[in-house]
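*Asks:* Take this sequence and fold it.
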Amino acid sequence: MVEMLEASRDALVATATRAVDREPLQGAPSYSRDDLAQMVDGFLHVLRERADARSDDAYEFYIDTVIPGLVAQGSSPESIVHGTVAWCARVMVLATRGLPHPDDTVELDWLAAFFAGYVRDIANSAFRAARK
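*Replies:* Take a look at the predicted model:
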């Protein structure tokens, strides 16, 4: 599944562009297509790292550095969580298009568990940063 998402990078960038155009993060700077492409590449790197069970370095960097940085730039924790959940839903739809039976697969279960932890960790990081 991760391979299919990596192969769908351009579709993910287009999805991110449409999402930001429709619902920009409150207080965040506007993002160019190149900025969004870099974010998608980072997301794919984190996803690959987790899927391969290599390490959590990129994931932890993202949670501990990028999310507090968004809060410091003025994004509200609520808008960060909102955007993250919307992103996860969009990626899940794209991911299930390539599965033979998307309602009963090990890959889908893994991705759902990844997203559950991802949203939890982003929410915790964003709200913790806002309290500082």
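
*Asks:* CA only for contacts and neighbour counts going forward, please
*Replies:* Fine.

*Asks:* All the helices of this protein, residue numbers only.
*Replies:* Using DSSP state H, the helices of the chain run over residues 2-7, 9-22, 33-52, 57-61, 67-72, 77-96, 106-131.

*Asks:* Give me the buried stretch members for the fourth one, please.
*Replies:* When burial is assessed from 16 or more other Cα atoms under 10 Å, helix 57-61 yields the following buried residues: 58, 59.

*Asks:* Likewise for the third one?
*Replies:* Of all the residues in helix 33-52, those buried under the rule 16+ other Cα under 10 Å are 36-37, 40-41, 43-51.

*Asks:* coming back round to it: please identify the deepest-packed of the helices of the chain.
*Replies:* Highest mean neighbour count among the helices of the chain (mean count of other Cα atoms under 10 Å): helix 67-72, with a mean of 20.

*Asks:* what does that helix contact?
*Replies:* 28, 77, 122, 125, 126, 129, 130 (Cα atoms under 8 Å, 6 or more residues apart in numbering).
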